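Trainee: sequence first, then the predicted structure, then my questions.
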Amino acid sequence: MQRDIYLARHGATEWSESGQHTSFTDLPLLSLGETEARRLGAALREHDFAAVYASDRQRALQTAELAGFGTVTVSPLLREFDYGRYEGLTTPQIREQAAGWELFRDGCPEGETPAEVRARARLALRLLEGASGDVLAFSHGHFARALAVAWADLQIEAAARFGLDSAAYCVLRLDPHGRTIHRWNVHSG
């Protein structure tokens, strides 16, 4: 039997466009992000999902709604990596303070460690796998990467090697051959 978990990243926000790390700052979508969310919905709406989940952050919920999935189960397990003191900073700004910093290796002061994010990703996967069919989850860029590596039983550091654009989706598949990352960073239209 085959089951799919679709992961959708939220549409563009001011900080996702500028490269600023955004976890607890609850930004709305830009008009570009709204357009992306509608396109994402057009690509996903034909699929029959047993359940739809979303992070409790405005950008994920707004993406789900504009994509045509107004009824979602909200879960804080799907929140973005907590960047702690690095919230609002870009990677180059962080590296001015911490040379060679890598999110999935070093984590964030007063935020989450990579091990904590991996543990949360495993809990989120259990939630998503609890549905009786294919599921869709609206989440965030770095956390979706953590979900993928937890799914594939890779080390959390491997998540740094996965790119994920705004309003792109991915498919994690369970079939008789096991768990695979079936599709990655798929753009709609």
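Mentor: The structure has been received and is ready for your questions.
Trainee: isn't residue 138 right next to residue 63, touching?
Mentor: Yes: Residue 138 lies in contact with residue 63 (Cβ atoms under 8 Å); the separation is 5.4 Å. Placement of C-beta: from N, CA and C, glycine included.
Trainee: between these two, which contacts overlap?
Mentor: Common neighbours of residue 138 and residue 63, using Cβ atoms under 8 Å, 6 or more residues apart in numbering, are 8, 10, 54.
Trainee: quick one: the first one is in a strand?
Mentor: Yes: with DSSP: H, G, I helix; E, B strand; the rest coil as the criterion, residue 8 is assigned to a strand.
Trainee: where does the prediction get shaky in the chain?
Mentor: Residues of the chain meeting the criterion pLDDT under 70: 189.
Trainee: buried set for stretch 145-160?
Mentor: Along stretch 145-160, these residues count as buried under the neighbour rule (16 or more other Cβ atoms under 10 Å): 145-151, 156, 159.
Trainee: of all those residues, which two lie farthest apart?
Mentor: Within the buried residues of stretch 145-160, 151 and 156 form the most distant pair, 12.1 Å apart (Cβ to Cβ).
Trainee: the chain: helices as residue ranges?
Mentor: 14-18, 31-44, 58-66, 91-97, 103-106, 114-129, 141-151 (DSSP state H).
Trainee: which of the ones you listed sits most buried?
Mentor: helix 141-151 (a mean of 25; mean count of other Cβ atoms under 10 Å).
Trainee: centre of the chain to that one, how far?
Mentor: Relative to the centre of its chain, helix 141-151 is centred 7 Å away, using Cα atoms, centre = their mean, to the nearest Å.
Trainee: which residues does the nearest residue to residue 62 once chain neighbours are set aside contact?
Mentor: In this structure, residue 62 finds its nearest non-sequential neighbour in residue 29, 5.1 Å apart by Cβ to Cβ, 6 or more residues apart in numbering. By Cβ under 8 Å, 6+ apart, the contact set of residue 29 is 10-13, 36-37, 59, 62-63, 66.
Trainee: and the gap between residue 149 and residue 111?
Mentor: According to Cβ to Cβ, to the nearest Å, residue 149 stands 19 Å off from residue 111.
Trainee: which strand runs longest in the chain?
Mentor: The strand that spans the most residues within the chain, counting by DSSP state E, is strand 178-186.
Trainee: contacting residues around residue 109?
Mentor: Counting by Cβ under 8 Å, 6+ apart, residue 109 touches 84-86.
Trainee: how close does it get to residue 78?
Mentor: Note on residue 109: its distance to residue 78, by Cβ to Cβ, is 23 Å.
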